[in-house]
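Enquirer: Give the three-dimensional model of this entry:
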Amino acid sequence: MADKPKHAPLTQFPIVDDELQIGGIALSKLAEQVGQTPFYAYDRGALTDRVKDLRQQLPKQISLHYAMKANPMPELVAHMAGLVDGFDIASGGELKVALDAGMDAAEISFAGPGKSTEEIHAAVNAGVTLNIESIGELERANKAGEKLGIQPRIAVRVNPDFELKSSGMKMSGGPKPFGIDAEQVPDVLKRIGELNVHFRGFHIFSGSQNLKPESLIEAQDASFELAYRLAEDAPSPVELLNIGGGFGIPYFPGDKALELKDVCSNLELRTTECKQRLPNAEIVIELGRYLVGEAGVYVCEVVDRKISRAQLFIVTNGGLHHHLAASGNFGQLIRKNYPVVNGTKVEQGEQEIASVVGPLCTPLDLLADRMLLGKAEIGDLIVILQSGAYGYTASPHLFLSHPATAEILI
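Expert: Numbers count the residues shown, from 1 in each chain. Modelled structure (predicted):
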């Protein structure tokens with residue numbers, strides 16, 4: 001039976017002659033240009049439009065950063081460098097991509113637990129802001145600065161005593177590997193004041209993938225109040241306040257696109273207040289999935305059709321090794337379908353209820369479970385939408401040694 005309720009309307013890609021258009025190119029023609037299936041394709045126009053639309057809604061005094069972990073493809077990152085105010089990275093590898101993309105090191109911040117000594121050294125040497133996640137990281141950053149003769153740029157990543165309610169992934173509240181518990185931060189700030197480091201401010205990230213404005217507003221309010229409280233113990237004026245992100249996109253049946261009007265209205269009030277209470281602070285919102293997730297697709301090719309005990313299976317040359325999230329094995333407790341279409345027969349003609357699977361010898365290799373699709377024949381192109389974030393790099397490409405997928409920015 002087809003999904004009920006249906007997926008939220010997804011209109012970022014037009015349909016011409018019943019074929020999906022990506023970047024203004026018919027899907028079949030695009031596949032010819034790529035020269036293989038499967039592949040990921042990212043639409044630079046959709047990326048540009050998303051940032052433009054968001055900037056029109058956000059308060060002007062907020063800086064917009066791209067969280068590169070969502071999609072670190074070098075060409076995409078280079079495109080985003082011309083659209084956003086800064087990057088947030090989570091590894092030494094992402095640091096290199098960010099710098100190669102031309103982003104000013106002063107506008108890059110580095111978060112994540114377990115930074116290696118080599119990564120800390122490279123970050124201090126480059127001049128990026130280190131979001132320290134432990135007292136140990138602080139001490140290692142200080143040692144790196146002494147060795148290099150450079151004053152490390154330091155912000156404290158805070159593990160708040162609250163969480164982002166209704167978020168797809170909770171990053172705060174309770175014991176967490178991320179950040180320093182809010183109640184421990186005053187002691188850390190005291191230690192920062194004793195070291196030869198440049199204190200910049202706070203990074204407060206409470207959760208991701210949230211579609212409820214009221215939850216985002218509540219978390220943002222709490223983040224500002226926490227920052228004000230912690231600033232009382234800061235060794236110098238706060239010059240950076242990263243309040244995280246959490247903006248979600250619709251993936252599953254019943255999801256509705258995030259309505260930002262109330263969120264942005266509240267941010268307008270909060271940022272005005274913050275400029276009075278922390279006058280030197282640059283206020284940053286850090287977004288990844290929201291900026292790039294809807295601009296990407298994963299495309300695979302039908303290689304077989306089969307019926308097993310009255311259930312139709314469409315077998316493709318793509319699978320969870322390329323797109324782990326779509327298979328439901330990337331954080332889903334109960335598997336739900338991503339939006340999936342037959343990209344070469346989207347709306348017209350015969351429809352059928354089918355499950356889409358890949359070539360892997362595991363029942364986990366399920367890309368769509370009993371969805372209503374245009375009748376698929378061998379050679380048709382199956383498209384998984386909402387695939388611009390946590391797709392290619394979040395998947396186990398080497399599993400069962402099938403051929404690699406490609407990526408293209410158009």
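
Enquirer: List the buried residues in the lengthiest helix in the chain.
Expert: Ordering each helix of the chain by length in residues (DSSP state H) puts helix 213-231 first. Neighbour-count burial for helix 213-231, counted by 16 or more other C-beta atoms under 10 Å, picks out 213, 215-224, 226-227, 230-231. From N, CA and C alone the C-beta is placed, and that goes for glycine too.

Enquirer: again with stretch 266-281
Expert: Across stretch 266-281, burial judged by 16+ other C-beta under 10 Å covers 266-268, 270-271, 274, 278, 281.

Enquirer: Same check on stretch 297-311?
Expert: 297-302, 305.

Enquirer: so for that stretch, what's the average pLDDT?
Expert: The average pLDDT within stretch 297-311 is 97.

Enquirer: so how far is it off the chain centroid?
Expert: 29 Å (C-alpha atoms, centre = their mean, to the nearest Å).

Enquirer: Export it to CSV, keeping only CA atoms.
Expert: This file holds the C-alpha atoms of stretch 297-311, laid out as CSV (Å, rounded to 0.1, in the frame of the first residue of the first chain):
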residue,chain,number,x,y,z
VAL,A,297,19.6,13.9,-5.7
TYR,A,298,20.9,10.4,-5.8
VAL,A,299,20.3,8.6,-9.1
CYS,A,300,20.5,4.9,-9.8
GLU,A,301,19.5,2.7,-12.7
VAL,A,302,17.0,-0.1,-12.8
VAL,A,303,18.7,-3.4,-13.6
ASP,A,304,15.9,-5.9,-12.9
ARG,A,305,12.2,-6.4,-11.9
LYS,A,306,11.0,-9.3,-9.9
ILE,A,307,8.0,-10.5,-7.9
SER,A,308,8.4,-12.4,-4.7
ARG,A,309,5.2,-13.7,-3.1
ALA,A,310,3.1,-11.0,-4.7
GLN,A,311,5.4,-8.1,-3.8
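
Enquirer: follow-up on the earlier one: pick out the most distant pair among the buried residues of helix 213-231.
Expert: Pairwise distances across those (C-beta to C-beta) peak at 26.8 Å, for the pair P213 and A231.

Enquirer: What is the subsequent helix or strand relative to the lowest-mean-pLDDT helix or strand in the chain?
Expert: Least confident helix or strand, the chain: strand 169-170 with a mean of 48, by mean pLDDT, DSSP states H and E. Using DSSP states H and E, the helix or strand that follows strand 169-170 in sequence is strand 180-181.

Enquirer: who does that next one touch, helix- and strand-wise?
Expert: Judged by 3 or more C-beta pairs under 8 Å, 6 or more residues apart in numbering; DSSP states H and E, strand 180-181 is in contact with strand 153-159.

Enquirer: quick check: mean pLDDT across the longest helix of the chain?
Expert: For helix 213-231, mean pLDDT is 95.
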